[in-house]
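The following comprises the amino acid sequence and a computationally predicted model.
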Amino acid sequence: MKNNRPVIVGIFILLGIIILVVTIFTLGGQKKTFVRTFTINAIFNDVSGLQTGANVWFSGVKVGMVKKISFYGDSQVQVTMNIERDAESHIHKDSKAKIGSDGLIGNKIVIIYGGDAKKPQVEKDDFLAVENGLSTDDMLATLQENNKNLLEITKDFKSISKKIDSGEGTLATLLNDPTIANKLSESADNLKETLANLKTVSEESKNVIANLQGFSGKLNKPGNSINDLASDTVVYKSVKATLAQLNNASNSVTKFTANLKTISDKLNQKDNAVGVLLNDSETAASMKVTLKNLESGSKKLDENLEALQHNFLLRRFFKKKNKLE
C-alpha cells in the first residue's frame, strides 16, 4: 500500500491537469481566445452601458468581442474591437457600427452592418462610421409619451361615445334615427344600380373598342378604297391636287362674295346713282312723276300726230307714205 500511494496521487494529479487543460481550451474557444484576430475601432457619442468583453455581430454571426472602451475627445467614447480574421474579407471600409442588444433589455452588443462589396475591406486599426441609435432611456421616454397620448385619445373617445349615446351631434343622429338609416340604405341601393349601369357601359365600351379594332384591321388590309388611298402615292397626289383646286375655288368664291358684299354696301349708300334710286324715296317719287309725265306726254304726242295725219296740209304726205309702205 505504501508503494502504491505515489502512483494513485500521480493519477489524480494527472486527471486534474487534464481537466484544467480541457477547461482552458473550452473557455478559450467560447471567448475566441485562440483565434487569430485584428482590431478595428468605432467612436460613439453614447455606448448605452456597453462593457468590455461584449460580443460583436456581423449579419447575425458573432465575429469578435469588445477589447477596450475608452474616452475620446471631450465626451465621445472609442470602442476597440477584436475581429476574427475569417470575417475580415466581409467587412468593408464603408461598413457601419451601432450599439444593439441581445433582446429588448438584454446585454449590449456591437452590430456591424452594410458595406459595398466593391469597396476595399477593412484593415487593422481602421475606424468604422457609426449610427447613434436610441438608448433604452430614450425608448422608455418615447413609450411614456405614447402612453400619455394614448390616455388622451382614450379620454376623447370616451367623451365622443357619451355624446353619441346621449344623441348629440350628427353621428348620433345617423346612428339613432331609422329614417336616415333607410335613406342611407336607399342611397346604397342607388349606388349599386349606378355601378351596375357603369359595368354595362364599360362592357358596351369594350364592344365599341373591339369594333373599332376590327374596323381598323379591315382598313389595314389591302383591297379597300381607304387603304388604297392611303398607300397609293399617285392617287394621293391626285387627291392633293384636287384639294388644292378646291382651295383655289374656295378663295375665288370668297373674293366674289367679298365683291358682292362691297356692291351691296354701295347699293345701300346714297353717293351713287343706283344707290340713290334704290334708297332715296324723294328721288323715287320724282322718277315716278317723271315717268307719269312721260307717259302723259307720249299720249299727247300720239294725239297730236293723229291730228296731223288728218290735217289737210299734211294729209297727202301721209297717204303717199302709206302707199310706199
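Perfect, thanks for sending it.

how about stretch 183-192 as PDB, C-alpha atoms only?
Provided in PDB are the C-alpha atoms of stretch 183-192 (Å, rounded to 0.1, in the frame of the first residue of the first chain):
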ATOM      1  CA  LYS A 183     -82.200  56.800 -46.700                       C
ATOM      2  CA  LEU A 184     -78.600  55.600 -46.500                       C
ATOM      3  CA  SER A 185     -79.900  52.100 -47.500                       C
ATOM      4  CA  GLU A 186     -81.700  53.600 -50.500                       C
ATOM      5  CA  SER A 187     -78.600  55.600 -51.400                       C
ATOM      6  CA  ALA A 188     -76.600  52.400 -51.200                       C
ATOM      7  CA  ASP A 189     -79.100  50.600 -53.500                       C
ATOM      8  CA  ASN A 190     -78.900  53.600 -55.900                       C
ATOM      9  CA  LEU A 191     -75.200  53.400 -55.800                       C
ATOM     10  CA  LYS A 192     -75.400  49.700 -56.500                       C
END
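
Quick check: buried residues in that stretch?
Residues of stretch 183-192 include none that count as buried (16 or more other Cβ atoms under 10 Å). For every residue, glycine as well, the C-beta is placed using N, CA and C.

do stretch 69-77 as well
For stretch 69-77, by 16+ other Cβ under 10 Å, it's 69, 77.

Show residues contacting it.
The contact list for stretch 69-77, computed with Cβ atoms under 8 Å, 6 or more residues apart in numbering, reads 43-47, 50-52, 78-80.

Just the buried residues from those, in PyMOL please.
Those of the contacts of stretch 69-77 that count as buried under 16+ other Cβ under 10 Å are selected in PyMOL with:
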select buried, resi 44+46+47+50+78+79
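
Return the member of the contacts of stretch 69-77 nearest to residue 10.
Nearest to residue 10 out of the contacts of stretch 69-77 is residue 52 (Cβ to Cβ; 40.3 Å).

Figure out how far stretch 10-19 is from the centre of its chain.
Relative to its parent chain, stretch 10-19 has a centroid offset of 80 Å by Cα atoms, centre = their mean, to the nearest Å.

quick one: average pLDDT of it?
Stretch 10-19 shows a mean pLDDT of 86.

Are we agreed that residue 83 is in a helix?
No: checked against DSSP: H, G, I helix; E, B strand; the rest coil, residue 83 lies outside a helix; its state is strand.

mind exporting stretch 292-305 as CSV, just the C-alpha atoms?
The C-alpha trace of stretch 292-305 is given here as CSV (Å, rounded to 0.1, in the frame of the first residue of the first chain):
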residue,chain,number,x,y,z
LYS,A,292,-96.1,109.6,-115.5
ASN,A,293,-95.3,112.9,-117.3
LEU,A,294,-93.5,111.0,-120.0
GLU,A,295,-96.5,108.7,-120.3
SER,A,296,-98.8,111.7,-120.5
GLY,A,297,-96.6,113.4,-123.0
SER,A,298,-96.4,110.3,-125.1
LYS,A,299,-100.2,110.1,-125.2
LYS,A,300,-100.5,113.8,-126.1
LEU,A,301,-97.8,113.3,-128.8
ASP,A,302,-99.8,110.4,-130.2
GLU,A,303,-102.9,112.6,-130.3
ASN,A,304,-101.0,115.4,-132.0
LEU,A,305,-99.7,113.0,-134.6
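
hey, which helix is longest across this protein?
If you go by DSSP state H, the chain has its longest helix at helix 178-220.

who does it touch, helix- and strand-wise?
helix 169-176, helix 225-231 (3 or more Cβ pairs under 8 Å, 6 or more residues apart in numbering; DSSP states H and E).

switch the cut-off to 7 Å
Secondary-structure packing of helix 178-220 (3 or more Cβ pairs under 7 Å, 6 or more residues apart in numbering; DSSP states H and E): helix 225-231.

Quick check: next helix or strand after the helix it packs on?
helix 233-267 (DSSP states H and E).

pLDDT of that next one, averaged?
The pLDDT scores in helix 233-267 average 80.

What's the separation between residue 97 and residue 37?
16 Å (Cβ to Cβ, to the nearest Å).

Give me the more crowded residue out of these two.
Applying other Cβ atoms under 10 Å to residue 97 and residue 37 shows that residue 97 carries more neighbours, namely 25 against 20.

what's the more buried one in contact with, if anything?
Residues near residue 97 by Cβ atoms under 7 Å, 6 or more residues apart in numbering: 42, 110-112, 128, 130.

secondary structure class for it?
strand.

ok, now how distant is the spatially most central residue of the chain from residue 282?
Central residue of the chain (Cα atoms, centre = their mean): residue 202, 23.7 Å from the mean position. According to Cβ to Cβ, residue 202 stands 75 Å off from residue 282.

pLDDT below threshold where in the stretch 1-150 of the chain?
Low-confidence segments of the stretch 1-150 of the chain, defined by pLDDT under 70: 1-3, 25, 27-34, 103-105, 133-138.
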